[in-house]
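Engineer: Sharing a model that was predicted from the sequence below.
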Amino acid sequence: MSFDLLNIGKNGILAHQQSLQITGKNINNTNTPSYVRERTEYMESEYGGLERLRVQRMIDEFANRQLRNDISNVSYYEANLEQAEQLDTLLGDSTTNVASSVESFFNTLQDANNDPGSVTARQLVLAEADAMVTKFNDFSQYLNDQKGIINDRLTLSTDRINSISKNLAELNSKIQNSAGKNNDNGDLNALLNKRDEQLRELAELVEFSTVEQKSGAVSVNLKNGQPIVLENGRFNAVAMKSNPDTERLEMVLKKEHSGGSVSEFYVPTNELGGSIGGYLEYRDEVLMPTQKRLGQLAVRIADSMNTQNQKGMDLDNQLGRKIFDLSQTESQALQYADNTGTGEMTVRILEGDSKSFPSENLRITKTGNPDEYEIVPVNEDGSVVSGADTITVTQASPGTIDISELGISLDLTGAANAGDQFLAKPADRAASEISLAIRRPEDIALANPIRVKDGMDNQGAAGIEIAAINTPDDYFDTANNTLLPGAPARIEVTGQTGNAYDLEVFAKDGTSLGTITGTTDLNGILDQAGLADPDYEIDINGEPAVGDEYLIEYNTNGFDDNSNGQAMADLQRQQLVRRSGGEEAEPTMTFNESYGRLVSDVGSRVSQNRVLRDSAEAIKSQTETLYDSQAGVNLEEEAANLIQYQQAYTASARIITTSQTIFDTLLTSLR
């Protein structure tokens, strides 16, 4: 009997001693984030008494998995907002945004129109034009630097994923080795704590799911099902690669096969989650579209101003030149990795006809038909822009083709094979590559290149007006500041029947260029006379008389004329920017509307993600509370356990003392 009491007391002392150690361990790790509190569980033998003791981790696996998902969601929105909020602030700041520079440029242009002969006023226009170009250049460069920062973050993050995956694989092996040895071994729980901490660190980077194996190991699969950590201690490495856009990195999973070969699988950016998913979403949905729209706006402002300035006359009696230089905006189309041909493409702005210039990238595919290519606008992820039409063009290589539907020109070299694809990014760097083409204030062409007047002996009640100034190609002798001999210079009314008139158009040298018979519409006289694509167009307003004539001449010394300057200023209020490559090719936005849309798109996305971030944080906080209620250390509970186990230890010791007393009594009775 005393032997049984001694055994019971011994088992009790050892068990309660270990319980006291576990309680102390819990108290010491109160502030250890990765620690999961432990509890001793007493196992009764089939003969009564205490057989053994088991140490358990007090963890709710459901709450643990949910916490990892919540960590991924919060990291996703925080990473996104970390970058997007900076951009949103800069876009809306009057000292840094482009809109303020565009507004200042057009304001000084209007001031110059009020005094077109002033060199000082023109100099201010040049200064504001230079400031606007600098603002475009600087802001585009900032966006480009942001792409570099995102790429660096992605590269570092993938290195971190690989490091964590390696640690998880090693922990899996250790856990498998420890699990079968001794269930009360504290080392196993420590390993499980380390693994949970590594999984939470991984959750900050990407979203994933885990599958617990019977061996105690866990396999880790990305959101799309691709495994990165396997049960057998192996892990698949991840890296960042691109095809074909070297500036747009994507996550690639590298899987090693038994023969030593390695296969790669691109992981869709919308299936990553975590901070990596947040960075990629910001890059694809905010950063890169913003840079391209900024490039589109810069191209349309520059090309529209160039086109209009070339229609005017400067202070030197010369036809206007380009104000802005777009020659550096050309770009090389990127070849896809699986191309088999030698074809190459250079993309240029179709200057003078860029009204349909889109902000999106363009995918160009060589079809199976000879010299035929298909072109379609695409999003950052390569998907076709919603509603976009495929444009088919035919051009032999080498050769150049102008595509007015997209406002671009393609230079083809080499020999592309059927199925070869190219990615063109005409708007991507455009804002950073425009520059000022003129430095003399005299080169701003505020005047019209022609002037018109009524004949001195006219008898009718009509007057001539300039209806339009078109591209000055055929009618001007700028070397001698005059019209060419074949340019339309005089219109004569040769007959009248009721309200119908006969007219004849004469060149400067007196040659008849065409006649109009019985017209009741006196607008667009040169077009009605059969002149194809005239450099200028004329209207006659009123009721002329037979014999009346109307004269056109070179606008020599028209220093006080601001007609073309007013046309340039009016560009600010015209719809000159295309909304989307997936919509009608005709432009539907003004310059201010285009920039306003850019700002509002970024701002609305930032606002939306803030709400989602706050919601994700609230959910995470609730999950943490649920998790900590089970796994966290409660000092009051542990203090009560100390007293309980101390008393139990004392009681077990008393059993041993009692057993000794009984044994001594028995020995004494036998003497």
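Structural biologist: Arrived safely. Source: prediction; values computed, not measured. Numbering: from 1, shown residues only.
Engineer: Would you map out the domains in this protein?
Structural biologist: 2-58+632-669, 450-554 (automatic domain parsing).
Engineer: Could you tell me which residues within stretch 352-369 count as buried?
Structural biologist: 353-366 (16 or more other CB atoms under 10 Å). Quick note: C-beta positions are derived from backbone N, CA and C, even for glycine.
Engineer: One more: stretch 552-559?
Structural biologist: 552, 554-555, 558.
Engineer: now the longest helix seen in the chain, how far from the centre of its chain.
Structural biologist: Longest helix in the chain, counting residues (DSSP state H): helix 119-179. Mean-position distance between helix 119-179 and its chain equals 11 Å (CA atoms, centre = their mean, to the nearest Å).
Engineer: Quick one: residues contacting the nearest residue to E250 once chain neighbours are set aside.
Structural biologist: In space, and not counting its chain neighbours, E250 is closest to Y266: 5.5 Å by CB to CB, 6 or more residues apart in numbering. With contacts defined as CB atoms under 8 Å, 6 or more residues apart in numbering, the neighbours of Y266 are 241, 250-252.
Engineer: Looking at those, spot the one nearest R578.
Structural biologist: E250 (28.2 Å; CB to CB).
Engineer: Would you double-check that R248 falls in a helix?
Structural biologist: No: looking at R248 with DSSP: H, G, I helix; E, B strand; the rest coil, it is coil, so not inside a helix.
Engineer: distance of the residue lying closest to it once chain neighbours are set aside from V385?
Structural biologist: Spatial nearest neighbour of R248, chain neighbours left out: S242 (5.5 Å); criterion: CB to CB, 6+ apart. S242 sits 20 Å away from V385, going by CB to CB, to the nearest Å.
Engineer: who has more neighbours, the two?
Structural biologist: V385 (19 against 15; other CB atoms under 10 Å).
Engineer: I'd like the distance between the nearest residue to E330 once chain neighbours are set aside and S359.
Structural biologist: Using CB to CB, 6+ apart and skipping residues adjacent in sequence, the residue nearest E330 is R348, 4.5 Å away. When distance is defined by CB to CB, R348 is 17 Å away from S359.
Engineer: Contacts for stretch 77-85, please.
Structural biologist: With CB under 8 Å, 6+ apart, stretch 77-85 has contacts from 146, 149-150, 274-279, 281-282, 286-287, 602, 605-606, 609-610, 612-613, 616.
Engineer: what pLDDT, on average, does stretch 203-220 get?
Structural biologist: Averaged across stretch 203-220, pLDDT comes to 91.
Engineer: Would you indicate which residues of that stretch are buried?
Structural biologist: In stretch 203-220, counting by 16+ other CB under 10 Å, buried: 203-208, 210, 216-220.
Engineer: swap in stretch 595-606?
Structural biologist: Those would be 595, 597-599, 601-603, 605-606, for stretch 595-606 by 16+ other CB under 10 Å.
Engineer: Next, report how far it is displaced from the centre of its chain.
Structural biologist: The answer for stretch 595-606 is 12 Å, by CA atoms, centre = their mean.
Engineer: now stretch 220-239
Structural biologist: 28 Å.
Engineer: Could you do stretch 324-337 as well?
Structural biologist: 19 Å.
Engineer: Show residues contacting that stretch.
Structural biologist: Counting by CB under 8 Å, 6+ apart, 129, 133, 243-246, 299, 301-303, 305-306, 343-349, 351, 364, 410, 420-426, 428-430, 433-437 sit against stretch 324-337.
Engineer: re earlier: filter the buried residues of stretch 352-369 down to the ones in strands?
Structural biologist: Using DSSP state E, 361-366 are the members of the buried residues of stretch 352-369 that sit in strands.
Engineer: Show me which pair in those is furthest apart.
Structural biologist: Maximum distance among those (CB to CB): 17.2 Å, for N361 and K366.
Engineer: Helices of the stretch 201-350 of the chain, start to end?
Structural biologist: Shown for the stretch 201-350 of the chain, the helices assigned by DSSP state H, counting those that start in this stretch span residues 274-282, 288-309.
Engineer: Format those helices as CSV; extra columns: mean neighbour count.
Structural biologist: Formatted as CSV, these follow (neighbours: other CB atoms under 10 Å):
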stretch, mean neighbour count
helix 274-282, 26
helix 288-309, 24
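Engineer: Columns mean pLDDT and distance to G486 on top of those helices, output as CSV?
Structural biologist: Below are those laid out as CSV (pLDDT from 0 to 100; distance: least, CB to CB, whole Å):
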stretch, mean pLDDT, distance to G486
helix 274-282, 95, 59
helix 288-309, 97, 24
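Engineer: Sketch out the low-pLDDT regions of the stretch 51-200 of the chain for me.
Structural biologist: In the predicted model, the stretch 51-200 of the chain carries pLDDT under 70 at residues 51, 179-186.
Engineer: change it to 90
Structural biologist: 51-61, 92-97, 175-190 (pLDDT under 90).
Engineer: Give me the sheet partners of the strand or helix carrying D502 and which way each runs.
Structural biologist: In the assignment (DSSP states H and E), D502 maps to strand 500-507. Here strand 500-507 has these sheet partners by DSSP bridges: strand 488-497 (antiparallel), strand 512-519 (antiparallel).
Engineer: deepest of the ones you listed, which one?
Structural biologist: Highest mean neighbour count among these (mean count of other CB atoms under 10 Å): strand 488-497, with a mean of 19.
Engineer: If you rank the contacts of Y266 by neighbours, which is first?
Structural biologist: M251 (25 neighbours).
Engineer: Test my guess that that residue contacts V267.
Structural biologist: Yes: using CB atoms under 8 Å, M251 is in contact with V267, at 4.4 Å.
Engineer: Overlap in contacts, those two.
Structural biologist: V238.
Engineer: can you give me the strands for the stretch 401-550 of the chain?
Structural biologist: Secondary structure of the stretch 401-550 of the chain by DSSP state E, counting those that start in this stretch: the strands cover 408-413, 421-424, 435-436, 450-454, 461-469, 476-477, 482-483, 488-497, 500-507, 512-519, 536-543, 549-554.
Engineer: Can you check which of those gets nearest to N107?
Structural biologist: strand 435-436 (17.9 Å).
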